[in-house]
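Trainee: Sequence first, predicted model second:
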Amino acid sequence: MDGRQQGPDGDRTDPNVLPAEGLADEHPDERRQGPVVLRRSRMGESSTTDQRLLDSRGPTDWVHTDPWRVLRIQAEFVEGFGALAEVPHATTVFGSARTPRDHEEYSQGMRLGSALAGTGCAVITGGGPGTMEAVNRGASEAGGLSIGLGIELPFEQGLNPWVDLGVNFRYFFTRKTMFVKYAQAFVCLPGGFGTMDELFESLTLVQTKKVTKFPVVMFGRSYWQGLYDWIRDTMHASGKIGDQELGLLHLTDDVDDAVRVVQEAYAAWDATH
Ligand SMILES: CC(C)=CCNc1ncnc2c1ncn2[C@@H]1O[C@H](COP(=O)(O)O)[C@@H](O)[C@H]1O
């Protein structure tokens with residue numbers, strides 16, 4: 001291009017000759033839609049994009065459709081990744097929502113949270129009451145990074161008071177991704193269905209190498225021993241899992257032992273990342 005004007009048909013016009021008055025309007029009315037300019041018959045009704053966004057009402061059924069849910073799910077991933085991206089080493093601790101504060105398992109949870117924080121490790125829990133709270137409390141009071149990933153439930157319930165960095169999720173599966181993505185180890189304290197789900201999901205992810213070098217610690221011998229024995233004597237004995245899978249489980253009662261297993265996992269993780 002030499003910078004001279006071209007007519008609509010591509011013919012060169014002489015830049016020194018102005019269009020004859022009346023032949024063309026040099027300042028036609030126009031309407032802008034973002035970067036798009038509309039003139040003459042293209043202008044249509046005049047409203048701005050903001051106006052159309054803010055001023056319109058219409059059917060609302062689309063809010064309850066899957067395409068809209070997909071956007072909400074996407075937003076959960078965006079928020080979760082954004083909030084947690086800079087988390088350093090972390091351990092995800094699962095455990096019962098129902099453990100009372102005066103229970104020994106609550107005290108153990110606090111000791112575990114505190115010991116993990118003492119090694120510079122963040123703790124990630126489900127952000128709820130019971131042993132989740134105990135672990136957050138132990139970590140927070142020891143000056144560590146205490147993270148809670150809450151879940152929308154049919155009954156009202158907020159994050160426990162010792163969550164210092166919290167994210168609330170609508171969907172279990174988005175939240176589960178965060179439990180795994182931002183930790184290098186799992187510890188399961190005694191718990192019910194929710195904890196079982198998380199324990200076996202963790203084991204399946206390790207077994208199928210979706211995550212690598214993740215230890216899974218079952219903390220609380222007297223609670224887990226029966227399940228561990230069944231896994232060894234029935235599941236393993238009948239060939240449903242192999243030696244390697246059985247070896248993924250670390251059964252302990254000792255906070256220092258659990259922390260040691262977790263630290264070994266960090267070292268292995270650091271060596272490969
Ligand atoms: C009192 C009560 C049932 C509260 C539920 N409030 C909850 N808040 C946050 N996470 C939860 C909750 N219930 C279950 N979970 C998830 O499931 C596990 C506990 O379930 P459970 O109590 O073991 O089966 C936790 O690790 C957590 O990730």
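Mentor: Received the coordinates, thanks.

Trainee: Confirm residue 37 sits in a strand?
Mentor: Yes: applying DSSP: H, G, I helix; E, B strand; the rest coil, one finds residue 37 inside a strand.

Trainee: Look up how far residue 44 lies from the residue lying closest to it once chain neighbours are set aside.
Mentor: In space, and not counting its chain neighbours, residue 37 is closest to residue 30: 5.4 Å by Cβ to Cβ, 6 or more residues apart in numbering. C-betas here are computed from N, CA, C, even on glycine. For residue 30, the distance to residue 44 equals 12 Å [Cβ to Cβ, to the nearest Å].

Trainee: next one: residue 190
Mentor: On the measure of Cβ to Cβ, residue 190 and residue 44 end up 66 Å apart.

Trainee: Name the residue in these two with the higher neighbour count.
Mentor: Between residue 190 and residue 44, counted using other Cβ atoms under 10 Å, the more crowded position is residue 190 (21 against 8).

Trainee: what's that one in contact with, if anything?
Mentor: Contacts for residue 190 (Cβ atoms under 8 Å, 6 or more residues apart in numbering) come out as 95-96, 99, 105, 131, 219-220, 223-224.

Trainee: Distance from the chain centre to the helix or strand harbouring residue 78, please.
Mentor: Secondary structure assignment for residue 78, by DSSP states H and E: helix 66-84. On the basis of Cα atoms, centre = their mean, to the nearest Å, helix 66-84 sits 9 Å off its chain's mean C-alpha point.

Trainee: same question, stretch 222-230
Mentor: 31 Å.

Trainee: Neighbours of the residue nearest to residue 62 when sequence neighbours are not counted, how many?
Mentor: Residue nearest to residue 62 in three dimensions, not counting chain neighbours: residue 68, with 5.7 Å by Cβ to Cβ, 6+ apart. By the measure other Cβ under 10 Å, the count of residues near residue 68 is 12.

Trainee: pretty sure residue 68 is touching residue 61, no?
Mentor: No: Residue 68 lies out of contact with residue 61 (Cβ atoms under 8 Å); the separation is 9.7 Å.

Trainee: If we look just around the ligand, which residues of the stretch 101-250 of the chain are in range?
Mentor: Residues of the stretch 101-250 of the chain found near the ligand (Cβ under 6 Å from any ligand atom) are 126-129, 132, 150-151, 153, 157, 191-195, 198.

Trainee: Looking at these, which one is closest to residue 169?
Mentor: residue 151 (5.5 Å; Cβ to Cβ).

Trainee: Which per-residue confidence value corresponds to that closest one?
Mentor: In this prediction, residue 151 carries a pLDDT score of 94.

Trainee: residue contacts, it?
Mentor: Contact analysis of residue 151 by Cβ under 8 Å, 6+ apart lists 126-128, 168-170, 172, 175.

Trainee: still on that earlier bit, any idea what the residue nearest to residue 37 is bridged to?
Mentor: Legend: beta-bridge partners of residue 30 under DSSP bridges are residue 39.

Trainee: Name the residues contacting each of residue 30 and residue 44.
Mentor: residue 38.

Trainee: And for the spatially closest residue to residue 72 that is not a sequence neighbour, the neighbour number?
Mentor: Distance criterion Cβ to Cβ, 6+ apart; nearest residue to residue 72, sequence neighbours excluded, is residue 170 at 6.8 Å. For residue 170, the neighbour count with other Cβ under 10 Å is 13.

Trainee: Isn't residue 170 up against residue 75?
Mentor: No: between residue 170 and residue 75 there is no contact under Cβ under 8 Å: 9.5 Å.

Trainee: before we move on, the earlier item: least confident of the residues of the stretch 101-250 of the chain next to the ligand?
Mentor: For pLDDT, the smallest value among these belongs to residue 157: 79.
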